[in-house]
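Peer 1: I need the structure of the sequence given here:
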Amino acid sequence: MYTREKSESTVATHYWHELGDGRIQCDLCPRFCKLHEGQRGLCFVRKNEDHKVVFTSYGRSSGFAIDPIEKKPLNHFYPGTSVLSFGTAGCNLACKFCQNWDISKSREMDSLMSLAGPEKIAQKASELGCLSVAYTYNDPVIFHEYAIDTALACRELGIKSVSVSAGYVCPEPRAEFYQVMDAANIDLKAFTERFYHKLTGSHLAPVLDTLRYLYHETPVWLEITTLIIPGENDSREELEKMTQWVVENLGSDVPIHFSAFHPDWKMQDKPPTPISSLLMARDIALKNGVHYAYVGNVHDKAADSTYCHHCGQLLIGRDWYQLSDWNLTESGACKVCATQCAGHFAANPGDWGPKRMGVRC
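Peer 2: Numbering: from 1, shown residues only. Presented below is the predicted three-dimensional model:
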């Protein structure tokens, strides 16, 4: 375990450079915030202090909870097991439809009431019998140093690490971050630059680059989530292009989750996503060669369950987050035709069930 230079909750960072005009540029994500002395980036937690970028909320969390791993969502990473989840405050995107806006849009350090260093989090996960720790609720890109140190502490205790992220990160910090992660769910918010620019204040290309990087250059288990928003990213044409891109660039075995939007934050004028739109997206994905496609934030047992892509056998039944069927061999193959199911599986399913439990670290 290595120790970072820090003072209370502030730590020095190294992804930045001087611009020569009195400002410094943060190089953690493609937003490239250019900061005067004392100025914070869009993420709020990275700041120009004494002519260097510092991270201001190390060891401070918005809270901890034990969740089923399927809630991340990760359906092919040790199903049924429990994961200790936590996040901080702030975000490097500006999504008008943010579903966790009270955390990700927070500009108050006082909202980070839970104080816990990396070793304490790892020890708590071990004591509670959690297979993994998830860096979630807001994007772990912005708490890069805290997440990495926690993942290293977890690794020493045999605890796995899961990143839930929008994937908006520069190549060098991305490589450092994902070398200590075991699984990731990347939020592919849409498949048009218009959507990313208008509704998130970011760009599509860096996210696609992160997806390609994770699949082709790391051993990290990868799943994708797309929040389907009526009138914004739910057209058949866009879903056709997106799922075709996934198969052509990442292969057929990367699971995709199509989740329902509910009106929130600065997008209160849109209706909730009808389940018919989610099922259409799932059908398009399957038609285009995606082996595992799911719906989320709605109750549809058939569309939440996992099937053998070769013979159609039900492999893992899910009723919300409760596992109801298990037809995999100890090696993760279909019991009927012996076709391997993509993912990471134990000999037996976990038994955490659908419950969520708040904890204190």
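
Peer 1: quick check, central residue of the chain?
Peer 2: The centre of the chain sits closest to residue 164, judged by CA atoms, centre = their mean, with a distance of 1.4 Å.

Peer 1: ok, and the closest non-adjacent residue to it?
Peer 2: Spatial nearest neighbour of residue 164, excluding adjacent residues (CB to CB, 6 or more residues apart in numbering): residue 136 at 3.9 Å. Just so you know, the C-beta spots here come from the backbone N, C-alpha and C atoms, and that holds for glycine as well.

Peer 1: from what I see, the one you found and residue 72 are in contact.
Peer 2: Yes - the pair residue 136 / residue 72 is scored as a contact, 6.6 Å apart, by CB atoms under 8 Å.

Peer 1: rewinding a little: ok, the residue nearest to the centre of the chain - contacts?
Peer 2: 72, 134, 135, 136, 140, 184, 185, 187 (CB atoms under 8 Å, 6 or more residues apart in numbering).

Peer 1: kindly recompute the last result at 6 Å.
Peer 2: By CB atoms under 6 Å, 6 or more residues apart in numbering, the contact set of residue 164 is 72, 136, 185.

Peer 1: who's it bridged to?
Peer 2: Note on residue 164: beta-bridge partners by DSSP bridges are residue 185.

Peer 1: from residue 69, how far out is it?
Peer 2: Shown here: residue 164 relative to residue 69, a distance of 11 Å by CB to CB, to the nearest Å.

Peer 1: go on, residue 271?
Peer 2: Taken as CB to CB, the span from residue 271 to residue 69 is 30 Å.

Peer 1: repeat that for residue 218.
Peer 2: Taking CB to CB, one finds residue 218 at 19 Å from residue 69.

Peer 1: the two: who's more crowded?
Peer 2: Each of residue 218 and residue 69 has its neighbours counted (other CB atoms under 10 Å); residue 69 has more, 27 against 15.

Peer 1: and the more buried one, what does it touch?
Peer 2: Each residue near residue 69 by CB under 6 Å, 6+ apart is listed here: 77, 81, 83.

Peer 1: so residue 133 is in contact with residue 84, correct?
Peer 2: Yes - contact criterion CB atoms under 6 Å: residue 133 and residue 84 qualify, at 4.9 Å.

Peer 1: what about the closest residue to residue 196 other than its chain neighbours, neighbour count?
Peer 2: When the adjacent residues along the chain are set aside, residue 196 lies closest to residue 204, with 4.6 Å between them (CB to CB, 6+ apart). Number of residues near residue 204 (other CB under 10 Å) recorded here: 19.

Peer 1: can you check the pLDDT for residue 204?
Peer 2: Per-residue confidence (pLDDT) for residue 204: 98.

Peer 1: return the distance of the closest residue in space to residue 306 that isn't next to it in sequence relative to residue 180.
Peer 2: Leaving aside its chain neighbours, residue 306 sits nearest to residue 316 (4.0 Å; criterion: CB to CB, 6+ apart). Per CB to CB, residue 316 is found 28 Å from residue 180.

Peer 1: the more surrounded of these two?
Peer 2: Between residue 316 and residue 180, residue 316 has the larger neighbour count (other CB under 10 Å), namely 24 against 17.

Peer 1: just to be sure, that one is in a strand?
Peer 2: Yes - when classified by DSSP: H, G, I helix; E, B strand; the rest coil, residue 316 is found to be part of a strand.

Peer 1: tell me the bridge partners for it.
Peer 2: Beta-bridge partners, per DSSP bridges, of residue 316: residue 306, residue 326.

Peer 1: so it makes contact with residue 307?
Peer 2: No - counting by CB under 6 Å, residue 316 sits too far from residue 307 to count as a contact (8.6 Å).

Peer 1: could you say what helices and strands the helix with the most length in the chain packs with?
Peer 2: Taking DSSP state H as the criterion, the chain has its longest helix at helix 236-250. Applying 3 or more CB pairs under 6 Å, 6 or more residues apart in numbering; DSSP states H and E, one finds that helix 236-250 makes contact with helix 275-287.

Peer 1: C-alpha coordinates for stretch 129-136, CSV please?
Peer 2: Presented in CSV, the C-alpha positions along stretch 129-136 are these (Å, rounded to 0.1, in the frame of the first residue of the first chain):
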residue,chain,number,x,y,z
GLY,A,129,-18.9,-10.8,3.7
CYS,A,130,-19.1,-8.6,0.5
LEU,A,131,-17.4,-10.1,-2.5
SER,A,132,-16.8,-6.7,-4.0
VAL,A,133,-16.7,-2.9,-3.5
ALA,A,134,-18.4,-0.7,-6.0
TYR,A,135,-17.3,2.9,-6.8
THR,A,136,-20.7,4.3,-7.8
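
Peer 1: could you count how many residues lie near residue 302?
Peer 2: Around residue 302 there are 12 other residues, counting by other CB under 10 Å.

Peer 1: tell me the pLDDT of the nearest residue to residue 76 once chain neighbours are set aside.
Peer 2: Nearest residue to residue 76, sequence neighbours excluded (CB to CB, 6+ apart): residue 343, at 2.8 Å. At residue 343, the model reports a pLDDT of 98.

Peer 1: go on, the one 3 residues further on?
Peer 2: What the model reports for residue 346 is a pLDDT of 95.

Peer 1: can you pull the contacts of the closest residue to it other than its chain neighbours?
Peer 2: Spatial nearest neighbour of residue 346, excluding adjacent residues (CB to CB, 6+ apart): residue 78 at 5.8 Å. By CB under 6 Å, 6+ apart, residue 78 lies in contact with 131, 344, 346.
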